[in-house]
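# Predicted coordinates and the sequence they were generated for:
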Amino acid sequence: MKFKEIIRVSLNSLRTNMLRSLLTMVGIIIGVAAVIMIVAIGKGSTATITSQINSMGNNLLMIYPYAPYDGSSSMSFSQTKGISLEDIDALEEQKAVAEVAPSAMTNADITWSRNKVSAQIEGTSLAFVHVRKLSLAQGRSFTHYEVDKQMNVAVLGSDAARNIFGPDASRAVGETIMIKQLPFKVVGVLANSNSNMSNSGQQVYVPITTGMERLGNMSIQQVNASATTEEKINQASAEIRQVLRARHELKPSEGDDFQIMTQTEILKTVSGVDRIMNMLLAGVAAIALGVGGVGIMNIMLVSVTERTREIGIRKAIGAQRSDIMLQFVAEAVFLSLMGGLVGVMVGLGGAKLLEKFVQMPIVYSIEPVLYSFLCCMGVGVLFGVYPARKASKLRPIDALRYE
């Protein structure tokens, strides 16, 4: 049979049972659409996180007051000493360390006039603006004097300022807000920032000495430090590790009770999560396409039964086994490819809707589309071979007598 004739007969067969063909393609459509949407969302999230990390500069170090888990450490979380303000002072004296910004957080209600909102309060130092690459829209940051004297001053994130003072947040500087029944004078408001990892717009920043002394049980949960230059980031990491081990009186045989992560290590972690997500997506795709393939095989077996007399007539007038087999395989591939095409359109459309209405970061790429079509073709061939072989093995005399 000529290739054009095979295509024509296949399309006519699928068109004759249009509803059945559409229902058969549902599994393929769902599988392909799901993969394309999840890949677009995953790539968008990864790109956003990577951009946020890169925006913080190449000389950033993050220090956490707990031991890194590698499966071999015997030190529990309760045994760690944490990081104290004295530790911070010691870190600031290191040659390769430019600035250090500790972070101690708690949640509290903030009131101003008749407005009352819940916000996250972060105790930090005046270096947090520079270390995190933030900028001020109005006012200023803390001063050394305010931090040393535990003064009640606050810097508002852009979103926090709007939540407290309404759309006209420019009047915030100079106003007094109440945090846990204590008055705090607003000295600055941060500019909008979408390129840093922390939710800076949602935070209310106070001097860390004030927060730890007057706002309840606050402890340092993270420290952001910057190296003097990008080339000295390893030296800064080594100096920080040496200082903290000495101050925490750790023996040489004991592991660290803190964790230091550089930007490169954070990016590696993100890449590892991305690889795991891709593996999970491959599993989802395999299951969905497998279910769709079983549906195609089932319908093709029904089609062989329905068209037994047609097969007998074709064989009687000279059709070879390969012609019959190729015909049914072609129909299975057409079903799978059309399901893949509809699935691609549904997946791209769904991703576009999520991007528009849910504000999810989306990154489109051609790879999942190509892989989907290749997988659909493979599913069509794989699950179409058995019904095609069954059809090609029918004896003409038996097929013609079939009722």
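That came through, no problem. Numbering: from 1, shown residues only.

# Residue 247 reaches residue 89, doesn't it?
No. At 10.2 Å, residue 247 does not count as touching residue 89 under the criterion of C-beta atoms under 8 Å. Just so you know, the C-beta spots here come from the backbone N, C-alpha and C atoms, and that holds for glycine as well.

# between these two, which one's more packed in?
In terms of neighbours (other C-beta atoms under 10 Å), residue 247 is the more surrounded of residue 247 and residue 89; the figures are 15 against 10.

# mind listing the helices in the stretch 301-403 of the chain by residue range?
308-316, 321-353, 367-392, 396-401 (DSSP state H, counting those that start in this stretch).

# Switch those helices over to CSV; also include distance to residue 82.
Supplementary listing: the helices of the stretch 301-403 of the chain in CSV, determined by distance: least, C-beta to C-beta, whole Å:
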stretch, distance to residue 82
helix 308-316, 78
helix 321-353, 44
helix 367-392, 45
helix 396-401, 82
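
# Lowest mean pLDDT across those, which one is that?
Among the helices of the stretch 301-403 of the chain, helix 396-401 carries the lowest mean pLDDT, at a mean of 59.

# still on that earlier bit, right, and the helices of the stretch 301-403 of the chain - which one's nearest residue 231?
Taking C-beta to C-beta as the criterion, residue 231 comes closest to helix 367-392 out of the helices of the stretch 301-403 of the chain, the separation being 35.9 Å.

# Can you name the helix or strand that residue 62 falls in?
In this assignment (DSSP states H and E), residue 62 forms part of strand 60-64.

# what pairs with that strand, and is each one parallel or antiparallel?
Using DSSP bridges, the strands paired with strand 60-64 in its sheet are strand 220-227 (antiparallel), strand 259-262 (antiparallel).

# tell me which residues in it are buried?
60, 61, 62, 63, 64 (16 or more other C-beta atoms under 10 Å).

# Check what contacts that strand and list those residues.
Residues from elsewhere that reach strand 60-64 (C-beta atoms under 8 Å, 6 or more residues apart in numbering): 83, 131, 221-227, 233, 236-237, 240, 244, 258-263, 266.

# Using PDB, list the CA coordinates for it.
Once non-C-alpha atoms are left out, strand 60-64 reads as follows in PDB (Å, rounded to 0.1, in the frame of the first residue of the first chain):
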ATOM      1  CA  LEU A  60      27.500  36.200  49.900                       C
ATOM      2  CA  LEU A  61      27.800  33.600  52.700                       C
ATOM      3  CA  MET A  62      24.900  32.200  54.700                       C
ATOM      4  CA  ILE A  63      25.500  30.800  58.200                       C
ATOM      5  CA  TYR A  64      23.000  28.700  60.000                       C
END
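
# I'd like the distance from that strand to the chain centre, please.
Relative to its chain's centre, strand 60-64 lies at 21 Å (C-alpha atoms, centre = their mean, to the nearest Å).

# Give me the mean pLDDT for that strand.
Strand 60-64 shows an average pLDDT of 89 in the prediction.

# next SSE after it?
Past strand 60-64, heading to the C-terminal end, the next element that is a helix or strand (DSSP H and E) is helix 85-92.

# Using CSV, write down the CA coordinates of that next one.
Output in CSV follows, covering the C-alpha atoms of helix 85-92 (Å, rounded to 0.1, in the frame of the first residue of the first chain):
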residue,chain,number,x,y,z
LEU,A,85,25.9,38.5,69.4
GLU,A,86,29.4,38.1,70.7
ASP,A,87,30.0,35.6,67.8
ILE,A,88,28.8,38.3,65.4
ASP,A,89,31.2,40.8,66.8
ALA,A,90,34.1,38.3,66.4
LEU,A,91,33.1,37.6,62.8
GLU,A,92,33.1,41.3,61.9
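
# Which neighbouring elements make contact with that helix?
For helix 85-92, the packing partners by 3 or more C-beta pairs under 8 Å, 6 or more residues apart in numbering; DSSP states H and E come out as strand 97-112, helix 208-214, strand 220-227, helix 233-247.

# how about these in JSON lines, adding distance to residue 13 and mean pLDDT?
As requested, these are exported to JSON lines (distance: least, C-beta to C-beta, whole Å; pLDDT from 0 to 100):
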{"stretch": "strand 97-112", "distance to residue 13": "64", "mean pLDDT": "91"}
{"stretch": "helix 208-214", "distance to residue 13": "73", "mean pLDDT": "91"}
{"stretch": "strand 220-227", "distance to residue 13": "64", "mean pLDDT": "90"}
{"stretch": "helix 233-247", "distance to residue 13": "65", "mean pLDDT": "91"}
